[in-house]
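1. fold the following.
(one chain, ligands or ions: 1)
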Amino acid sequence: MSGDLSPIDRAKFVAAKRATDFVDDGMRVGLGTGSTAAWLVRCLGEMVRDDGLRIKGVPTSTRTAELARDVGIDVISLDEAKWLDITIDGADEFDGDLNLIKGGGGALLQEKIVATASDQMIVIADAAKEVEHLGAFPLPVEVIPFGWQTTQALIEETLISMDVMGRTSSLRMNGQVPFITDEGNHILDLHLGRIGNARQLALVLNQMPGVVENGLFIDVCDIVIIGYGSGKVEVRDINEGTVSSQQIDFVENDNLFADLAD
Ligand SMILES: O=C[C@H](O)[C@H](O)[C@H](O)COP(=O)(O)O
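-> Numbering: from 1, shown residues only. The predicted model follows:
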């Protein structure tokens, strides 16, 4: 069964599987969104069912909430949890300082709120997500639908004076209609190429009227767990650098792969 998975899915799976080592009984856990975070939710679901793990999960999107309930995780809202022990989520890019671009799936707003309300944030990612400079992945910016074209023009004008290569942006679409986030907003994807000063750009974007949040996560992530198609998985800590490297056995986890195929 595991042999049916692509190398990229194997990499995502091993990162997610390793991240479950950081989840203890009784924890309130922020559950990220996206294909890598979905692996985590499935792995945690298996631990809830088979090992009696008791956790409360706070999902970062309606998609994740549905999946978490499906696999048997006790789902609560952030307001019920108030504060979280840990959040585990995917990312579109991460750099050497563990700063991130997120929001490829449009869930950046809830993801940032949840991650920021956590003692610890762990990113799980395949090795292709690592970059020297953030920005090759288009930077998602969540904007209010009212006057979005004016907001877009303001953003593009501001980018001219910033340390970025590209200055164009596009409205994210869902087929023929604009993509709508869980909060009822639109997403503008900024095609920047390379962001020089990500910290400054994140602040400037959030000061603009019409902008709700941007996909730059600066000083939010504590640990990145990097998965490889070979089954190798590496844990990188913001303070200590690479702290462990190990191999995850695909055969042992065949039941999870079988779930995926169902
Ligand atoms: O809005 C989506 C999230 O930020 C995802 O965590 C991010 O796009 C990574 O997704 P994936 O794990 O599918 O590459």
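2. switch to C-alpha atoms for all contacts and neighbour counts from now on
-> Noted.
3. can you classify Ser169 by secondary structure?
-> strand (DSSP: H, G, I helix; E, B strand; the rest coil).
4. ok, then the element right after the helix or strand where Val204 lies?
-> In this assignment (DSSP states H and E), Val204 forms part of helix 198-206. Past helix 198-206, heading to the C-terminal end, the next element that is a helix or strand (DSSP H and E) is strand 211-214.
5. near the ligand, anything from that next one?
-> No: taking Cα under 6 Å from any ligand atom as the criterion, strand 211-214 and the ligand are apart, separated by no less than 10.7 Å.
6. and the stretch 51-200 of the chain, which residues reach the ligand?
-> Near the ligand, when you scan the stretch 51-200 of the chain using Cα under 6 Å from any ligand atom, you find 89-92, 102-108.
7. those helices in this protein, which residues are they?
-> 7-19, 35-51, 62-70, 78-81, 108-116, 148-160, 198-206, 254-261 (DSSP state H).
8. what residues go with each domain of the protein?
-> Listed by automatic domain parsing, the domain ranges of the chain are 2-131+219-261, 139-214.
9. what's around the closest residue to Met162 other than its chain neighbours, how many residues?
-> Nearest residue to Met162, sequence neighbours excluded (Cα to Cα, 6 or more residues apart in numbering): Leu201, at 7.5 Å. Using other Cα atoms under 10 Å, Leu201 has 18 other residues around it.
10. ditto for Ser6
-> Ser6 - counted by other Cα under 10 Å - has 11 other residues nearby.
11. let's see the pLDDT reported for the nearest residue to it once chain neighbours are set aside.
-> In space, and not counting its chain neighbours, Ser6 is closest to Gly229: 7.9 Å by Cα to Cα, 6+ apart. Confidence at Gly229, expressed as pLDDT, is 95.
12. before we move on, what about Ala258?
-> The confidence metric pLDDT takes the value 64 at Ala258.
13. how about Ser35?
-> 98.
14. numbering from 38 from now on, please.
-> Sure thing, new numbering starts at 38, so read that last one as Ser72.
15. quick one: it and Glu179, what's the gap?
-> From Ser72 across to Glu179, the span is 20 Å (Cα to Cα, to the nearest Å).
16. quick one, which of those two is more surrounded?
-> Neighbours were counted for Ser72 and for Glu179 using other Cα under 10 Å; Glu179 has more, 29 against 16.
17. ok, the closest residue to the more buried one other than its chain neighbours - contacts?
-> The spatially closest residue to Glu179, leaving aside those adjacent along the chain, is Ile224, at 4.5 Å (Cα to Cα, 6+ apart). Applying Cα atoms under 8 Å, 6 or more residues apart in numbering to Ile224 gives the contacts 143, 177-180, 208-209, 216-218.
18. equivalent analysis for Glu117, please.
-> No contacts exist for Glu117 under Cα under 8 Å, 6+ apart.
19. pick out the residue closest to the middle of this structure.
-> Gly127 (3.2 Å; Cα atoms, centre = their mean).
20. tell me the predicted confidence for that residue.
-> 98.
21. so it touches Met158, yeah?
-> No: here Gly127 lies out of contact with Met158, judged by Cα atoms under 8 Å, at a distance of 10.5 Å.
22. among the helices and strands of this protein, which has the poorest mean pLDDT?
-> In the chain, the helix or strand scored least confidently by mean pLDDT, DSSP states H and E is helix 291-298, which has a mean of 64.
23. circling back: from the residues of the stretch 88-237 of the chain next to the ligand, list just the buried residues.
-> 126-129, 139-141, 143-145 (16 or more other Cα atoms under 10 Å).
24. re the thing from before, just the contacts of Ile224: which are in strands?
-> 177-180, 208 (DSSP state E).
25. and those residues, which is closest to Thr279?
-> Pro177 (28.7 Å; Cα to Cα).
26. return the set of residues that bridge with that closest one.
-> On the basis of DSSP bridges, Pro177 is bridged to Asp226.
27. residues contacting it?
-> 139-141, 143, 145, 224-227, 251-252.
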